[in-house]
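Q: Fold the following, please.
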Amino acid sequence: MRCLHWQKGHSKQARERDLYDLLIHERTFSRLEARLKPLAEQIAPHTLNDSSQFRRPWGGEGTKGVIAYGNTDAFFSTAVRDFVKEVYSAPRLAWFQSIAAGLDNEFLQKVGQKAEIYTVSHVQAHAIAEWVLWAAFDFFGEGAARRRSQQDRKWQKVPFREVGETRWLIYGFGHIGENAGRRLKALGAHVTGVRRSSAVSPFADHMLHPDQLTPEDIGLADAVLFCCPLTAQTENLGNADFFAAMSPGSLFLNVGRGPLVDEDALIAALDQGRPAHAALDVTRQEPLSPESPLWGHPAITLTAHTAPTTEGTDRRNDEQFLENLSSFLTGKPLRHEVDAAAFKAQSSVFGT
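A: Sure thing, here's the model as predicted:
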């Protein structure tokens, strides 16, 4: 449904004000309108609801270009296709704020190449790190055995292992990896981080470059966490050789991208007990087919890419958007801006 551009009686002078269009989901706008009001002389909100209706709640229309906020309300709306079309059709996409950290999504790659400024978000790292702790507590704390005891009405002791006494290998020690490492070290766990940067981190006991990682390093870990970007170098990083190096009884976790893992190799490895269990929030195919063997494997805990889905993540994303919006309108640098060359590199790797 086309947008309701002008309300009856709206003046020509108001229509021609030098504004930026702000493409934003109606639910987000309702949440933020009071904080956007002071910017009324610079932006013209252009809202979209789940019924595919575009509206201009303040009446004005921008002429300077489009600012778009791609957040959970927009990306998971039933009207997401209309949001995408509006972004693609913008004559000038001045700035796109994404709530995603990665660049490998086809839509985001195209937007990144179109937008004059593109910013990402890393605030979801807090929620994802807590998902990691949840999976760790459940596995090392024998959660499945405890639930069976309750279901069977058996009053019995269930010995377990303290997470604080485990060793972790975290492949990808950026925002997510460091947030997970910080929480794990606070519990007393030993953390080895793997990343290309040579910078030390207070949230790791030991740092490795990927080229330095050996099968012995993998085998020392009680838990291996993947949270690195998907690149030509990291695709199928979790393969048969990698899993064969893991210790019996260990835990494998993936919160990065599904294609980091050869899923057939993972299932075969789980059947051999190396690793003993896998906790996956991402899969190669999303949504995952009902026929996938990942669903029913007894040694797999599976969630539907929901690790970052919390009210806290939404709130922090809104705060970052508002901060960046203020910076954009006053000509200041924006947080987490991505260079256009990064999108060209992704495009050449994945052929988009």
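Q: May I ask you to name the longest helix in this structure?
A: Longest helix of the chain, by residue count under DSSP state H: helix 311-329.
Q: Which elements pack onto that helix?
A: Helix 311-329 is packed against helix 26-36, strand 66-70, strand 93-98, helix 125-140, with contacts defined by 3 or more Cβ pairs under 8 Å, 6 or more residues apart in numbering; DSSP states H and E. The C-beta positions use only the backbone N, C-alpha and C, and glycine is treated the same way.
Q: Now do the SS call for T301.
A: Following DSSP: H, G, I helix; E, B strand; the rest coil, the label given to T301 is strand.
Q: if I pick it, what's in contact with it?
A: 135, 138-139, 277-280 (Cβ atoms under 8 Å, 6 or more residues apart in numbering).
Q: List only those of those flagged as buried.
A: Among the contacts of T301, those scoring as buried are 135, 138-139, 277-280 (criterion: 16 or more other Cβ atoms under 10 Å).
Q: which among the contacts of T301 gets closest to F75?
A: Ranked by distance to F75 (Cβ to Cβ), the contacts of T301 are led by L280 at 21.0 Å.
Q: Mind pulling the model confidence for that closest one?
A: Note on L280: pLDDT of 98.
Q: Let's have the buried ones among the contacts of T301 in JSON lines, adding distance to T303.
A: Compiled in JSON lines, the buried ones among the contacts of T301 are given as follows (distance: Cβ to Cβ, whole Å):
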{"residue": "A135", "distance to T303": "9"}
{"residue": "D138", "distance to T303": "11"}
{"residue": "F139", "distance to T303": "14"}
{"residue": "H277", "distance to T303": "14"}
{"residue": "A278", "distance to T303": "12"}
{"residue": "A279", "distance to T303": "8"}
{"residue": "L280", "distance to T303": "7"}
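Q: what's the closest of these to T313?
A: Nearest to T313, judged by Cβ to Cβ, of the buried ones among the contacts of T301 is A135 at 17.5 Å.
Q: Just give the nearest non-adjacent residue to the closest one, would you?
A: Distance criterion Cβ to Cβ, 6 or more residues apart in numbering; nearest residue to A135, sequence neighbours excluded, is A279 at 3.7 Å.
Q: The one you found bridge partners, please.
A: Note on A279: beta-bridge partners L253, T301, judged by DSSP bridges.
Q: got a list of what it touches?
A: For A279, the contact set (Cβ under 8 Å, 6+ apart) comprises 135, 138-139, 251-254, 300-301.
Q: likewise D281?
A: 128, 131, 254-255, 303-307.
Q: Now it: closest residue in space that isn't a chain neighbour?
A: Excluding its sequence neighbours, the residue lying closest to D281 (Cβ to Cβ, 6+ apart) is A307, at 4.3 Å.
Q: One more: A129?
A: Per Cβ to Cβ, 6+ apart, closest to A129 is N179, 3.8 Å.
Q: before we move on, what about L39?
A: L329 (6.5 Å).
Q: Now do that neighbour against A40, distance only.
A: Per Cβ to Cβ, to the nearest Å, L329 is found 11 Å from A40.
Q: who's in contact with the closest residue in space to R35 that isn't next to it in sequence?
A: Excluding its sequence neighbours, the residue lying closest to R35 (Cβ to Cβ, 6+ apart) is L322, at 6.0 Å. L322 is in contact with 32, 35-36, counting by Cβ under 8 Å, 6+ apart.
Q: Name the member of these with the shortest distance to R316.
A: Among the contacts of L322, and counting by Cβ to Cβ, the member closest to R316 is L32, at 13.5 Å.
Q: and that closest one, how many neighbours?
A: 18 (other Cβ atoms under 10 Å).
Q: Let's see the pLDDT reported for it.
A: 98.
Q: doesn't N317 make contact with it?
A: No: counting by Cβ atoms under 8 Å, L32 does not reach N317; the two are 11.0 Å apart.
Q: Report the contact partners of A125.
A: With Cβ under 8 Å, 6+ apart, A125 has these contacts: 101, 175-176, 178-179.
Q: Tell me the confidence at it?
A: For A125, the pLDDT comes out at 98.
Q: before we move on, what about Y20?
A: We note a pLDDT of 98 for Y20 in this prediction.
Q: Could you report the separation of it from S327?
A: In terms of Cβ to Cβ, Y20 sits 13 Å off from S327.
Q: swap in E291?
A: Counting by Cβ to Cβ, the gap from E291 to S327 is 47 Å.
Q: Walking through the protein, point out its helices one by one.
A: For the chain, applying DSSP H gives helices covering 12-15, 26-36, 72-75, 80-89, 106-114, 125-140, 143-151, 175-187, 215-220, 240-245, 263-271, 311-329, 340-350.
Q: nearest to F54, of those?
A: The closest of those to F54 is helix 80-89. By Cβ to Cβ, the value is 7.5 Å.
Q: same for the closest one, what does it pack against?
A: strand 20-25, strand 43-48, strand 66-70, helix 72-75, helix 106-114.
Q: And it, what's buried?
A: For helix 80-89, the neighbour count (16+ other Cβ under 10 Å) marks 80, 82-84, 86-87 as buried.
Q: can you list the domain ranges for this protein.
A: Per the record, the chain has its domains at 12-123+312-350, 125-302, by automatic domain parsing.
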